[in-house]
Each structure stands twice: as C-alpha cells, then as structure tokens.
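**Student:** compute the structure for the input listed below.
(one chain, ligands or ions: 1)
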Amino acid sequence: MSFNPAEQLEKNPEFGQFKGVNPSISDSATYTFKTAKEMMDTFEGKTEGKFLYSRHTSPSNMYLANVLAAMEGTEAANVTASGMGAISTTILQICEAGDHIVSSRTVYGGSYAIMKNYLPKLNIQTTFVNVTSLEKMEAAIQPNTKMLYVEVVSNPLLEVANIPELAKIAKKHNILLVVDNTFSPLLMSPYQLGADIVIHSLTKFINGMNDTVGGVVCASETFINATKSVIDGAAMLIGSTMDSLRSASILKNTKTLAIRVQKHSENALYVSRKLEQEGARIVYPGLASHKDHKLFKTLHNPEFGFGGMITIDALTLPKADKFMELMQKKGLGDLAVSLGFYRTLFNAPGAGTSSEVPEDEQKKMGLSPGLVRFSMGLDHNIEKTYQGIRECMIEVGILETLSV
Ligand SMILES: *Cc1c(COP(=O)(O)O)cnc(C)c1O
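**Tutor:** I've put the predicted structure just below:
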C-alpha cells in the first residue's frame with residue numbers, strides 16, 4: 001500500500017474536553033504542576049505529555065503539529081507563526097557561522113532574501129543553483145555545506161525538483177535535504193521521497209482562507225525536539241511559535257484540504273488546457289508541454305493532480321498590469337500576492353513576490369517581466385472563468401482571436 005497523505009490527515013481525531021467534536025482550545029501561556037520536581041523534570045524534557053510554557057508548545061499547537069506530521073509521514077512537527085518563521089528557524093538550527101547552503105535559485109522571494117541578504121551577516125553563505133541540474137547542485141557542495149534547500153514546485157516558474165535524486169546527493173555528502181512544499185501539499189510527499197525536513201507556509205493552501213499567516217516544520221522527533229530545546233533550540237529561543245487560537249482555527253481547515261486541493265488542480269488543469277489550445281503562453285505542470293511534466297508524474301500522488309498554480313506570460317509588465325486589472329474589474333479574481341485561496345489570486349512576480357531577486361538574476365532564471373502568476377480558485381463554473389480570462393487576454397492583446 002502506498003502512502004496516502006489525505007488518509008493520514010483523517011487519522012486519530014482529537015475530541016474536546018466535554019466530548020466536543022473539535023479539540024478544546026488551550027487558552028493558556030503557562031501550566032501548573034503538582035510538584036516542584038515534576039516542573040523541573042518537564043523543564044529538562046524528562047516528562048511525557050506535560051506542557052511547560054506555550055512558546056515551547058501548547059496542546060492546540062500539538063494537535064495541529066501532529067496532523068501535519070501525519071500528512072507528511074514524519075515523526076514530529078512544530079508549528080510557527082509564519083512560513084518564514086519555519087524557514088528561518090530551520091536554517092538557524094542547522095547552520096552556524098562559517099557554514100554554507102546550496103539553494104535552488106527559484107525559491108520564494110523571502111527565502112531568497114534571507115539567504116542572500118540576511119544570513120551573510122551571520123557568516124552563513126549560500127550558492128544559488130538551477131535546481132533542474134542535478135550536476136550543478138552537487139558541484140556546488142563544499143566541505144562546509146550543511147543543507148540543500150529546494151521547493152518541490154518552484155516559485156514562480158513551476159519547475160519541479162527531483163527530490164529522490166537530490167536526496168541521494170544529500171545522503172552521499174552527509175548533508176540535509178530541506179524542502180519547502182508550500183505549493184504542493186498532498187500532491188507531493190517529499191519526506192516519502194527522501195527529504196529530511198519538509199516546511200510549509202500554512203498561509204497558503206493548507207489554511208486556505210487568507211485570514212492568517214502560519215508555518216510548520218515536519219521532521220524527525222530528534223530534529224523537532226532540538227529546535228524546541230530551552231538551552232539552544234532555534235524555534236524556542238527565537239520565539240517563532242504560533243498562537244494557540246490560530247492553531248485551533250487552522251486545524252479545522254486542514255479537514256477540507258484534500259477536496260480543496262483536488263478542486264484547485266481540476267480548475268487549473270481545465271483553464272490551462274483550454275488556453276494552451278488557444279495558443280496562450282501558459283505554464284502548468286499538468287500540461288504535456290511542461291518541461292518537467294514527466295518528472296512531476298513520477299513524483300506526485302496522482303489523485304491530487306498538478307496543483308493550483310499557473311503562469312501566463314503577458315510579455316511586458318504594462319500588459320501584465322492591464323490584464324490583471326481587467327480580470328479584477330470583471331470579478332475573475334483578486335490582484336493580490338499569496339496563493340491557495342478559494343478565490344483566484346494573481347500577481348506579476350517579477351515586480352511583486354520575486355522583487356527581492358535582482359533584475360539580471362530574474363533574466364538568468366527565465367523570469368519574464370510580464371509573467372502573471374495565478375493561484376486558481378475553487379470556482380464552481382470554471383468554463384465561465386476560463387471564458388472571462390480569455391476575453392481579458394484578447395482585450396489586452398496577449399491572445400489572438402481564433403477565427404471561428
Ligand atoms: C508564502 C511562502 C513562504 C513564506 O510564508 P509566510 O507564511 O508568508 O511567512 C515560503 N515559501 C513559499 C513557497 C511561499 O509561497
């Protein structure tokens with residue numbers, strides 16, 4: 001039997017204190033102990049099932065962390081106040097001054113910026129490499145390299161990282177493979193494919209409501225406990241913990257993740273197939289024309305499809321801007337950063353979420369200034385949405401009208 005992340009999500013539901021169907025929310029920052037000894041033992045990590053202080057963890061955070069660990073198939077997880085909180089504390093747990101990271105060059109703008117601009121202040125250096133070249137990724141490894149950092153489906157170019165092969169490289173060099181799976185929850189299970197640590201921004205598909213930011217690190221119990229050590233744990237000491245009330249609200253939204261991801265994928269495939277037939281410059285991993293389509297098919301959990309992210313090249317930024325403003329006016333979605341929302345969201349990443357990446361770097365990466373990134377919504381009538389997008393493209397002059 002192969003691993004099914006959605007079935008894992010449904011396992012072992014927690015009930016509330018008064019047999020509520022949802023677990024009780026832990027509305028406490030600190031916890032009492034029967035004896036002073038019990039408190040000391042808990043402080044030293046020698047007790048089971050005891051809580052000390054909510055920056056370390058809380059019952060509500062534990063419920064959410066357990067569900068997400070089950071979804072990725074890892075032993076443990078820790079939830080954080082944001083995706084960047086998960087990324088920064090993971091890096092700082094693994095790397096110290098003098099260490100080195102090999103990162104994919106097509107990562108989330110904030111991840112790029114922390115590695116490129118912030119970590120050098122701590123004397124942690126990063127080499128950015130084209131993740132689709134396994135040879136280049138391996139060649140960039142130095143004696144002081146501690147981790148490979150990649151996104152399964154990269155932002156915003158939707159390139160696919162060959163996780164099993166990267167895992168082999170990491171193992172060979174005795175370093176960790178850290179994977180950001182934000183774009184592809186359920187459809188990819190990187191830990192099952194050999195990654196050591198899986199990170200998500202919960203802000204996106206997993207919560208799906210755009211009412212909060214949040215993050216998670218899924219890994220071995222040893223690693224997660226280390227990040228929560230009161231002596232030297234990065235998560236514990238930097239203080240990136242999630243609030244308990246928010247954990248409780250995100251937990252409920254994980255229960256609809258499977259059907260949401262399926263619908264996002266279904267809608268994205270529908271729109272991209274139709275637009276490709278019309279000759280649009282469209283990138284979607286579910287299209288046979290996508291350069292990593294075959295690789296994607298060998299890695300994904302097929303019932304969840306190819307995800308909700310699409311890019312359409314409008315060639316120039318002014319055209320992209322006009323296109324997005326027109327779509328917003330027609331109610332097809334929102335001109336906004338972020339993704340995984342029930343409504344369609346679009347932005348031009350060259351000027352927006354990837355603006356941390358300098359222009360010459362963007363060119364090298366193949367990031368066109370007119371690239372429009374779509375996070376397809378859960379639209380019920382997707383044919384109507386497709387027709388609307390098509391009309392906007394024709395009006396802006398980025399799609400020729402086909403003679404009927
Ligand atoms: C949004 C995002 C992040 C950062 O998450 P926040 O919750 O905004 O801190 C990291 N990686 C990817 C791929 C993202 O899309």
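
**Student:** contacts and neighbour counts: CA atoms only from here.
**Tutor:** OK.

**Student:** for the strand or helix carrying Lys297, give the mean pLDDT please.
**Tutor:** Using DSSP states H and E, Lys297 falls within helix 293-299. Mean per-residue pLDDT for helix 293-299: 97.

**Student:** check stretch 123-138 too.
**Tutor:** Mean per-residue pLDDT for stretch 123-138: 97.

**Student:** could I get the buried residue list for it?
**Tutor:** By 16 or more other C-alpha atoms under 10 Å, the buried positions in stretch 123-138 come out as Ile124, Gln125, Thr126, Thr127, Phe128, Val129, Asn130, Val131, Met137, Glu138.

**Student:** cool, stretch 203-217 as well?
**Tutor:** Using 16+ other C-alpha under 10 Å as the test for burial, stretch 203-217 gives Thr203, Lys204, Phe205, Ile206, Asn207, Gly208, Met209, Val213, Gly214, Gly215, Val216, Val217.

**Student:** what's the spacing between the fifth one and Gly340?
**Tutor:** Counting by C-alpha to C-alpha, to the nearest Å, the gap between Asn207 and Gly340 amounts to 8 Å.

**Student:** which stretches of the stretch 1-150 of the chain form strands?
**Tutor:** For the stretch 1-150 of the chain, applying DSSP state E, counting those that start in this stretch gives strands covering 76-80, 100-104, 125-129, 145-151.

**Student:** what is the first one packed up against?
**Tutor:** Meaning strand 76-80. Secondary-structure packing of strand 76-80 (3 or more C-alpha pairs under 8 Å, 6 or more residues apart in numbering; DSSP states H and E): helix 59-72, strand 215-219, helix 221-227.

**Student:** anything in that strand near the ligand?
**Tutor:** No. For strand 76-80, no contact with the ligand is found by C-alpha under 6 Å from any ligand atom; the gap never falls below 9.0 Å.

**Student:** out of the helices and strands packed on strand 76-80, nearest to the ligand?
**Tutor:** Checking the helices and strands packed on strand 76-80 against the ligand by C-alpha to the nearest ligand atom gives strand 215-219 as the closest, at 5.7 Å.

**Student:** got the contact list for the closest one?
**Tutor:** Contact with strand 215-219 is made by 65, 68-69, 72, 74-87, 90, 196-203, 224, as judged by C-alpha atoms under 8 Å, 6 or more residues apart in numbering.

**Student:** what of stretch 147-163?
**Tutor:** Contacts to stretch 147-163, defined as C-alpha under 8 Å, 6+ apart, come from residues 94, 100-104, 106-108, 131-132, 170, 175-184, 188, 190, 193-195, 283-285, 292, 295-296, 309-311, 349, 354, 367, 373.

**Student:** switch the cut-off to 6 Å
**Tutor:** With contact meaning C-alpha atoms under 6 Å, 6 or more residues apart in numbering, stretch 147-163 is reached by 101-104, 106-108, 175-181, 292.

**Student:** pLDDT of stretch 226-241, averaged?
**Tutor:** In this model, stretch 226-241 has a mean pLDDT of 96.

**Student:** so what's whatever residue of the chain ends up closest to the ligand up against?
**Tutor:** Of all residues in the chain, Gly83 sits closest to the ligand, at 3.3 Å by C-alpha to the nearest ligand atom. Residues near Gly83 by C-alpha under 6 Å, 6+ apart: Ser201, Gly214, Gly215.

**Student:** please tell me how far the closest residue to the first one other than its chain neighbours sits from Gly366.
**Tutor:** In this structure, Ser201 finds its nearest non-sequential neighbour in Gly83, 3.9 Å apart by C-alpha to C-alpha, 6 or more residues apart in numbering. Taking C-alpha to C-alpha as the measure, Gly83 falls 26 Å from Gly366.

**Student:** list the buried residues for stretch 80-97?
**Tutor:** 80-95.
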